[in-house]
Structure formats: C-alpha cells, structure tokens
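Undergrad: 3D, please:
(chains A and B)
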Amino acid sequence: MPANLEQALRLAVQAGEIMLRNGAETSRVEETMEHIAKSCGAARAQSFVIPTGVFLTVTDAAGASTTTMRRIHDRTINLDRIAKVNELSRRLADRRLSCEDAGMLLDRIARERTGFSWGPAMAASGVVGASAAVLQDAAGFGEICAAFLAAAIVRYIAHIVTRLKGVRFMFDFCGAMAAALIGQLLDMVWPNLNRDIIIIGAIMPLVPGVAITNAIRDVIAGDLLSGLSRGLEATLTAIAVAMGVAIVLTASLS
Amino acid sequence: MLIAKITAVLAMGTAVGILYRVPQNLLIYGSFAGLLSWGTFYIATVFGAKPVAACFLGSLSAGCLAEALARLVRKPATIFIIPGFIPLVPGREAYTTMLYLVEGRYAEGMAMAVMTLLIGGAIAFGIFLSTTLFRLTANYNVRGKMPHARSGQNMD
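TA: Numbers count the residues shown, from 1 in each chain, chains lettered A, B, ... in the order given. Sure, this is the predicted structure:
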C-alpha cells in the first residue's frame, strides 16, 4: 500500500471519528472525510457513516485501494471540536495546511480539554433553568431561584452519571427524578412556591437539542438510517425525562 | 416583565451554548438566534396566532438566521440552531401532560400530549424548512458553475 494513501486514510478516519464522537451530523462527517482524503493524495474516496461507526475506502490514481472502519462506542457533545475539525478540513482543501501538520493538529484536537469545567457548566445549567422559569408567566423570585438551584443540581448529577461508561438514558431519567424531587420538597417546605414552575425550569437543560437537530438535518440530507436512529435517541430521551418526573409525581400523590 | 423575559432569553442562549460546548467566541450569536426565535413567537402570539403557528414562525426565523450566520462565519449551523430553538421547547405542555396523566385526568392529558407533539413538530418543521431553503439556493449556485459538483466544500 502506498505511503501517502495510508496517510490519507489514517487522517480522514481520525477526523471522522472525532466529529462523530462529538455529535456531528452524518453528511458533514462523510463530506469532511472525503475532502481530507482527497487533499492528502487519494484520487477517489467513498465514505459511509452511521451513528455507531465510520467506513472509508480510498483509491489512488493507479487504482490501488484500501478500506478501513472504526467503531464508535461512546459519544459526547462538543460542538467546539466539530467546528475545529471543519476548519482544519477547509484549510487542507485550500492547501494552507500540510498533511503532516494536520495529523498533529488532529491529535491535539482529540486530546485537549475544551469548554468549561463542571463548575461553570453547573452555573450555565442553572441559568437555563432560571430563564425557562422566567418565561413562565406566573414566576416569582422564589421560583426562579429554586429553578436555578434545581437545574444546577441536575447538571451535577450528569457529572456523576456520565463517569459510568455505557449507561444510556440514565442521566436524563435520574436528572428528571431529581428535578421533580427538588420541586416537590421545596413545595412542601414553602407551600407558596409553585412546584410546577420549578420542575419545568429544572428539566429544561435535559432537552436533547443535538439529537433533535441532527435527526432533522440527517433526514434532510437523505441519511434516513442515521436520521431514524437519532430521532429514536431524542424520543427515548424525552420519554426518560417524562417518566422520571411522572414517577416522583405519582409517589408524591399517594 | 417583558424586559425580564428578553434578558432571560439572551442569558438562555449563552448558557445553552456553554452546555453544548459551543466555541466561546460564538456564544453571543446563539443568544441572538434565541432572541429572534422567541421574539417572533411573542409578536406572533400578541397578534393572535395559536402557539403551534407561533412556534413554527419562531423556529423558521431562528433557522434562517442560523443558516445565514453559518455561511457568514463558516461554522456548522448546528451551533446556532440549538440555542435558537431551546426557548420554544414546550416544557410546560410536556410537564402538564405528565401531571394530568398521573392524576388520572386521561382525556385532558391526551389533549395536552397532542398539543405538545404539535408544537414539537412545528419547531422541527420550522428548522426543516429553513435548512431546505438554504440547501436549495446553495445547490442552485453550484450547479450554475460546475455541472457535476455535488456541493463543493460543505458550506453550512
């Protein structure tokens, strides 16, 4: 296998893996992988991406071809990394970046810690909850503060639960249960607080925004398989949140 | 009250961006997308639109802004779409559905569930329509220059 073909394959698959792992839509991953492979010496490139794996075949001018696949197990959400890999592929295609540098840059993008640590993330989650409470008409100052607290605690639960690998939908379920519990407890201690507004605010950070957006964009691009599975992911997340709230509400009724 | 809500929507866009790890210099655009979608929703409601239509208009405007911004600063449109539609998510309707069902008021719960689904569908199709519109114009431009190009470097 020619050396430059191997390099093109390795770079493109690594870029595809980073993008898929951090929540990019299917057509973007496929196109980015093909662009990177062609920029680094492949004459033709064909890629196939589903939410749980990437496949890539590259062919050089002489007709020699090679194929590889990479299984994606755990997925997170990090739009910063997607934007960085997108930018890298654009610079490669414009010949503003050499393939050797691109490999080093990809390693750095995959390893570096981006975004905020869990403290600011908790505060951000709290702000989302408090804002959602403000948007409800009957919200007073007490409800808004309670929603901030509850949403921040939901984020802290996410911080604990996501350390356990291979646990799907538990974060949403436990988060919703915690949100409902906090709303219920605060309502018992201070009966003039509106329980409903607190819970509505606290479950707002659990909305599966990336899954919804990617499902829509995949379906538009014609990637029906990916669109369907991401739509299912969004639906199951919503059901997990609803059931978490419902179970606590049922327990508090009896 | 309106000023408090506008502040809340702006804060929400940035906070959602932090949660989804949007690049830090682009957080402010998410706030504007959220403000546009919620503002459109609010104005439509003031003029007497039903929630489903108002949410559709809101997510359509946020989607169009997101796609335009994505082409302007050359970043994935997802970064701007998510903060854009989060203020419209029918959280209260979904919660009220569960509350009614738990209390055994099944008829009211089902009516509220249908309402939740309709609003969710309206948001989804607002984004669907805006993305399709921008995709059509992009493909049209490319086809004029190069006959067989699929769509150059992905612009959105």
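Undergrad: so where does residue 9 fall, helix or strand?
TA: Reading this off chain A. Element membership for residue A:9 (DSSP states H and E) is helix A:3-21.
Undergrad: correction: the question concerned chain B.
TA: Short version: residue B:9 belongs to helix B:2-19, going by DSSP H and E.
Undergrad: next, the buried residues of that helix.
TA: Within helix B:2-19, the residues scored as buried using 16 or more other Cβ atoms under 10 Å in any protein chain shown are B:5, B:8-19. For glycine as for every other residue, the C-beta is placed from the backbone atoms N, C-alpha and C.
Undergrad: now swap in stretch B:47-64 and tell me
TA: Those would be B:49, B:51-52, B:54-64, for stretch B:47-64 by 16+ other Cβ under 10 Å.
Undergrad: again, but for stretch A:89-101
TA: A:89-93, A:97, A:99.
Undergrad: centre of the chain to the longest helix along chain B, how far?
TA: What stands out as the longest helix in chain B, according to DSSP state H, is helix B:106-145. Here helix B:106-145 is found 9 Å from its chain centre; the criterion is Cα atoms, centre = their mean, to the nearest Å.
Undergrad: mean confidence score for it?
TA: Averaged across helix B:106-145, pLDDT comes to 87.
Undergrad: how about the strands of chain A, start to end?
TA: Here chain A has its strands, by DSSP state E, at A:44-50, A:53-59, A:65-71.
Undergrad: hmm, residue A:90 is touching residue B:75, no?
TA: No: using Cβ atoms under 8 Å, residue A:90 makes no contact with residue B:75, being 10.4 Å away.
Undergrad: which residues of the stretch 1-150 of chain A score low on pLDDT?
TA: Applying pLDDT under 70 to the stretch 1-150 of chain A flags the ranges A:1-3, A:114-116.
Undergrad: just to revisit the earlier point, list, out of the buried residues of stretch A:89-101, those positioned next to chain B.
TA: Among those, the residues lying close to chain B (Cβ under 8 Å from any Cβ of the partner chain) are A:89-90, A:93.
Undergrad: so which residue is dead centre in chain B?
TA: residue B:85 (2.7 Å; Cα atoms, centre = their mean).
Undergrad: er, chain A I mean
TA: Most central in chain A under Cα atoms, centre = their mean is residue A:77, positioned 2.6 Å from the mean C-alpha point.
Undergrad: quick one: that one and residue B:34, what's the gap?
TA: Remark: distance between residue A:77 and residue B:34 (Cβ to Cβ, to the nearest Å) = 18 Å.
Undergrad: which non-adjacent residue is nearest residue A:174?
TA: Excluding the flanking residues, the one nearest residue A:174 by Cβ to Cβ, 6 or more residues apart in numbering or on different chains is residue A:157, at 5.5 Å.
Undergrad: list the contacts of the one you found.
TA: A:171, A:174-175, A:178 (Cβ atoms under 8 Å, 6 or more residues apart in numbering or on different chains).
Undergrad: circling back: right, and the residue nearest to the centre of chain A touches residue A:211 too?
TA: No: contact between residue A:77 and residue A:211 fails when scored by Cβ under 8 Å: they sit 9.1 Å apart.
Undergrad: so what sits against both of the two?
TA: Contact with both residue A:77 and residue A:211 is made by no residue, according to Cβ under 8 Å, 6+ apart.
Undergrad: and the gap between the residue nearest to residue A:174 and residue A:186?
TA: Separation of residue A:157 from residue A:186 (Cβ to Cβ) stands at 17 Å.
Undergrad: before we move on, back to that, and the residue nearest to the centre of chain A, what are its phi and psi?
TA: Main-chain torsions, residue A:77, degrees, to the nearest 10: phi -120, psi 120.
Undergrad: and the closest residue to it other than its chain neighbours, how many neighbours does it have?
TA: Closest residue in space to residue A:77, ignoring its immediate chain neighbours: residue A:23 at 4.6 Å, by Cβ to Cβ, 6+ apart. Other residues within reach of residue A:23, judged by other Cβ atoms under 10 Å in any protein chain shown, total 23.
Undergrad: and the one 4 residues further on, by the same measure?
TA: Taking other Cβ under 10 Å as the neighbour definition, residue A:27 ends up with a count of 19.
Undergrad: burial count for residue 29?
TA: This is for chain A. 25.
Undergrad: right idea, wrong chain: chain B
TA: 25.
Undergrad: and it, how close does it get to residue B:69?
TA: Note on residue B:29: its distance to residue B:69, by Cβ to Cβ, is 6 Å.
Undergrad: now for these two: what residues contact both?
TA: Counting by Cβ under 8 Å, 6+ apart, the shared contacts of residue B:29 and residue B:69 are residue B:80.
Undergrad: re the thing from before, farthest pair in the buried residues of stretch A:89-101?
TA: Farthest-apart pair in the buried residues of stretch A:89-101 is A:90 and A:99; separation 14.5 Å (Cβ to Cβ).
Undergrad: doesn't residue A:60 make contact with residue A:43?
TA: Yes: the pair residue A:43 / residue A:60 is scored as a contact, 5.4 Å apart, by Cβ under 8 Å.
Undergrad: run through chain B and note the low-pLDDT ranges.
TA: B:141-156.
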